[in-house]
Structure formats: C-alpha cells, structure tokens
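>>> Predicted model follows, preceded by the sequence.
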Amino acid sequence: MKIFYRIAVFSLSIFVVLASANFVKGNIEITEQPLSKIAIHSAVFALRDDASIKAYPTVLGSKGEDVDWVTIELQHPNPSNDDWIGVFSPAKFNGSTCYFENDSKLQAPYICSAPIKYTFANYSNWEYAKTGKSTLKLRLINQRADFSFALFSGGLSNPKLVAHSNFISFANPKAPVYPRLALGKSWNEMTVTWTSGYNINEATPFVEWGVKGQGRIRTPAGTLTFHQNSMCGSPARSVGWRDPGFIHTSFLENLWPNTKYTYKMGHILPDGTHIWSKKIYTFTSPPFPGQESLQRVIIFGDMGKAERDGSNEYSNYQPGSLNTTDQLINDIDNIDVVFHIGDIVYSNGYISQWDQFTSQIEPISSVVPYMIASGNHERDWPGSGSFYDGKDSGGECGVPAETSFFVPAQNRAKFWYSTDYGMFRFCIADSEHDWREGTEQYKFIERCLASVDRKKQPWLIFAAHRVLGYSSDKYYAADGSFEEPMGRESLQKLWQKYKVDIAFYGHVHNYERSCPIYQNVCVNPEKTHYSGTVNGTIHVVVGGAGAHLSEFGEINTTWSVFKDYDFGFVKMTAFNQSSLLFEYKKSKDGKVYDSFTISRDYRDVLACVHDGCEATTLA
C-alpha cells in the first residue's frame, strides 16, 4: 500500500481556485469553494510508521442504503490542531493519468482528484493536540467508487501526508440513486432523473410506475453523461474532475391529473438480474392547466449544499443550506412544486459536489418536481458563450447542471423554458444568456408571457437568477441602478404589457420585496393586500436559501416594502383563480416573516393600464 502511494499519489500540487461572484462590475465579491482552500502547491511526502488512520466498517450500505456513516480512528505521535483528514474517492490516485492544462500558472504534477470533503482531526476531540488520538464519524453517500482517508499535518496550506487508511466501499456502488422529479414538456408528463454507475452496455435503465394501489408498467430511460474534455477549464478539467457516472431520465406520460403514483428506478443486467432503487417513491401528478385546486409553490435561489457531519462547508460556506432543506422536508406534504432559480450547488468546478447535492435534496426531489434555473455558478466561463465573462462556474460552463437535471427547454444548453402548473404559468429566463430586446431569449420570453390564457391561468410568474428587476443590495446600490446592468430596460415593457404578477430573482443572498412597480414608480400604495387592476409587477429577491448573506446598501429606496438579512424562501399558495397567498419564511424556524395576498377577477387582468393596453377602435 505505501509503495502505491509513494509512486502514484503523493507528488501533490493543487492550485487555488477562487470563483468570483461577478455581481455588478468586476470581481467584487469572492465566493470560495471550500475544497479550493486545500491550496497545496508542493505537498511533502511524510508517511510515518508510528502514525495511523483506520476506517470501518469496510462495507457501507449493507441493507441497501445510499447514505451511511463511517468511523475514523487516527493516531499521530506529533499532533497539531492543523492536522486534517481528506476523504478521497476513488481511493486510488494515479499520477500518470493526470490531466495537464496548457497554463504556465499551473505547476505539474497535479493531484488527479481533489478530496471530496475534509475535516480537521480535532473536530470531535479538542484534546487531540495533546493526546494525538481521535475518533470521529463521517457521513458518506454512494458515489460509485471506493473511499480512502488520508491524515495530513501542516494545515491546508502546507500539507504533509502522515498516514493513509484502508479502502472502504458501498455494497452496490453502481446502484440507482437520488431521483429528481421534474415537470415534462406537457402538463400530463412527469420526468424521473437519477444517477447510477451503469452504462447502457452494462444494464438497461427503466422506471416501474403506476397509480398507487394498482398495477405498474415499465418505461425505458435515456442515458447521458459528460467527460473531462466537456469541461471548459480548471478546476473542473483538472483537480476538480470526478466521473459523474450516468444520468438517466424516463418520461412518465399520459398521467391522470391530481393522482397519486408510485415509482421505482431499475436496471436490468445482461443475465436478467434486476437492480432496484432503495425504495418505492410516491408523487402526485400535476393538475390540468387552469384547474382550480389548492396549489402550493416554493421558490428560492442560491441554496448550495452542506455537510451533515460538520465537515468542510457546513459552518463557513453555505450556512443556511441545511436549514432550508430541512424546512422543505418537514413541510413536504404541503408542497406541490419547487423552483430553485440558479446557483444550485456551488460546486465551482468540483464535480463530486453534484452527487452530494442530489443526495441532500432527495427527500424533496423524489416527491415533488424540483425545477432549476441557470445561475452564474452553473454557467459563466470566458469564451463559452455565456453573457458574462467571469469564471464563476469553475470551468463547468453549464454541463453538469443541464445533464444532472431535466428542464422542459427546447435546448437545455439555453436554459430558458416555460412550464405550467395548474393556475400558474412560469416563464423561467436564463440570465447568463443575453435577454435584451431582439435576442432569441427575448423572443422566447414574450412568447411565454403572451401565450398564457389568463382566465384559466391567472397567476403569471417570471423568474431569473440575476436581478433583472429591483434590489437594494449594496453592490447594485453602488452602481446606482439597483439592478443588473441592462437588467430591466428591455423586459419591463413585457412585464407591463402582459401583466406579470411577480418576478423572482436570486444571486443576491437576502430577501427583498418591492411594491407593484413600473419604471421605478410604485403604482399601488398597499403593502399587504392587492386587488383590482394589475398595473405593475411585484419584484422579489429570494436568494437567501443557503449561501453567505449579502448586505443591503444604505440608501432607503422608496419602492422597497420589506427587507430581511437572513436565510429564507418563498411559498405561494393559489386557492383558486381569484385568490393568492404569498409568504416569506425564514429557514431557521419555518415561520412567516412577510406576506401579502392578491384578490381579483378576470376583468382586472384585462383592464387597460399604462403601456399595457390593446389597440382600440371607434368602429
């Protein structure tokens, strides 16, 4: 074992990747992937016979679980509070197969794959620096490969390998895991996407499903993946690369409205053996467009992921992520569909984190449709065709996002789409592509807004990741426009013409609600209840679902109705075609801290308003 590590692994060098959040102009705020903190430019090989690290059990998920806990026992004769443990998967590294970038800034050789997570040796034992001994538990998910653990001294900035562990693995590392439901391209279609280790030449993927309590049928699934050369830059193309496995999607069609279905994912091996998901899941099919029933929608942005065992991210990167996730899980019986409008994982080029995120949201995404939008941390990379030239995607340039999740877009590389849910029409824009007047996306947005029958679907919602409307965030305030540059100049005419009720944004990590507004002017003085003519759009920033919070500017804008510097999300409840309840809930307790209601008739939508009137004639 030590010989393998000497010749293959520990010519280590990891470069620092800082993914900048390009909020307004230039690299104003740094958003750092925790794994990039392991900035090992020239690690030292320092194995010691009197140091050890051991992991058990050696087989995880023996009862079919795709999440399990492992116990780590370590001993170091010269301990320090800077000692840390890296979790590596696959367990073996081979320096001869590392990807080399043609970049003078990056010094060869690289480590072939960054750790998938790390923690400090004293995490559960503050006496470690005195005793040199510690026992801690780490939570692992099934990620299609084995695991090993390495003990380093010297901290994250000057690591020295002291000891490495035995290898452990899940009982069936290739099993189908982490189902993600999504609305299909028609109202009576649901898609099921999941991840496995089986390529199509190894096993045939399918979903077995049917009305709850009745017989089930089988529907085949398509299979996608992506490769290292699909990435646009580092770290996604170098130390952050990890094989994503195979992404399968099945289309469940001709669903009866508002009907409970059960499903499970499966793979048929060449010998006829069936490999099944860990359990049978349940979902309720969407209502017919325009159908009156209780319809409940969750919307937020910028949640990211966190580690339930307390390792790397939890306390310093996306501190609200698990709270938001858990509030949604606790209320899942009262949720019909979720919209996560950009900055999904904050993987920033560390591909292993997509598995971590899909595992985290599984109790939500396996039960209700989990719809996503594209953000800067999914898409932006220089020369890749994104509207912004930043490096916020860490070299992913949208590939993991568009492969790992289904959206009913005509072209998933252009992440804009329309989708209906009962009395709602959602027009989801892609703020990382040009939206200005005359562009392909602008034409899509107008078609989406114009084509809805407001008598049947009165609640018209626009959403994008970046703030194309209004925000009092300090970076937007400093620019003086309180929006993304060129944000609303084109789109506000469409919002007004087609009487968009609410426009949602992420990107800014806080909560803010505007008055109904058009061209910087509040058109309705009310704050808690709106009725009558739709003469302006309410703009809501709901980017505080998990990532570090954004401060507000000092200017007290006249159009801002409610601000909150905290983690939270929005829930909309449509009771019928005339009554809507809007609630902002904090992630820490799930309680409502801001709300309003809308009551109106169809004629209120038809009424003539400024810049929103149809042509008339005296004939």
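Thanks, I have it. Numbering: from 1, shown residues only.

>>> what's the spacing between stretch 303-314 and its chain's center?
13 Å (Cα atoms, centre = their mean, to the nearest Å).

>>> Can you list the low-confidence ranges for the protein?
Scanning the chain for pLDDT under 70 picks out 1-31, 39-43, 93-112, 313-317, 616-619.

>>> The residue nearest the centre of it - nearest residue in space that isn't next to it in sequence?
Central residue of the chain (Cα atoms, centre = their mean): residue 344, 2.0 Å from the mean position. Using Cβ to Cβ, 6 or more residues apart in numbering and skipping the chain neighbours, the partner closest in space to residue 344 is residue 372 (5.7 Å). From N, CA and C alone the C-beta is placed, and that goes for glycine too.

>>> Just the element for that neighbour, please.
According to DSSP states H and E, residue 372 maps onto strand 370-373.

>>> In that strand, which residues are buried?
Under the neighbour-count criterion of 16 or more other Cβ atoms under 10 Å, strand 370-373 has 370, 371, 372, 373 buried.

>>> How about stretch 270-287?
Quick answer for stretch 270-287 (16+ other Cβ under 10 Å): 275, 277, 278, 281, 283, 284, 285, 286, 287.

>>> so who does the residue nearest to residue 344 touch?
339, 340, 341, 342, 344, 401, 405, 407 (Cβ atoms under 8 Å, 6 or more residues apart in numbering).

>>> Just those residues: which are in strands?
Those of the contacts of residue 372 mapping onto strands are 339, 340, 341, per DSSP state E.

>>> quick check, nearest of these to residue 162?
Closest approach to residue 162 among the ones in strands among the contacts of residue 372 (Cβ to Cβ): residue 340, at 40.2 Å.

>>> for the closest one, which residues make a bridge with it?
residue 300, residue 372 (DSSP bridges).

>>> Wait, residue 387 touches residue 439, no?
No - the pair residue 387 / residue 439 is not scored as a contact, 9.6 Å apart, by Cβ atoms under 8 Å.

>>> what residues do these two have in common as contacts?
Each of residue 433 lies in contact with both residue 387 and residue 439 under the rule Cβ under 8 Å, 6+ apart.

>>> Compare those two (neighbour count), which wins?
residue 387 (19 against 14; other Cβ atoms under 10 Å).

>>> ok, now which ones touch the more buried one?
431, 432, 433, 434.

>>> And the second one, how far from residue 438?
Think residue 432. 18 Å (Cβ to Cβ, to the nearest Å).

>>> For the two, work out which one has more neighbours and name it.
residue 432 (31 against 8).

>>> what's near enough to touch that one?
374-376, 378-380, 386-388, 398, 415, 465-466.

>>> between the ones in strands among the contacts of residue 372, which is nearest residue 193?
residue 340 (14.2 Å).

>>> Do you have the strands of the stretch 451-600 of the chain handy? List them.
459-464, 502-505, 511-518, 521-522, 529-531, 537-542, 560-564, 568-576, 579-586, 592-599 (DSSP state E, counting those that start in this stretch).

>>> what about these, which gets the closest to residue 201?
Once the strands of the stretch 451-600 of the chain are compared by Cβ to Cβ, strand 459-464 is nearest, at 39.4 Å.
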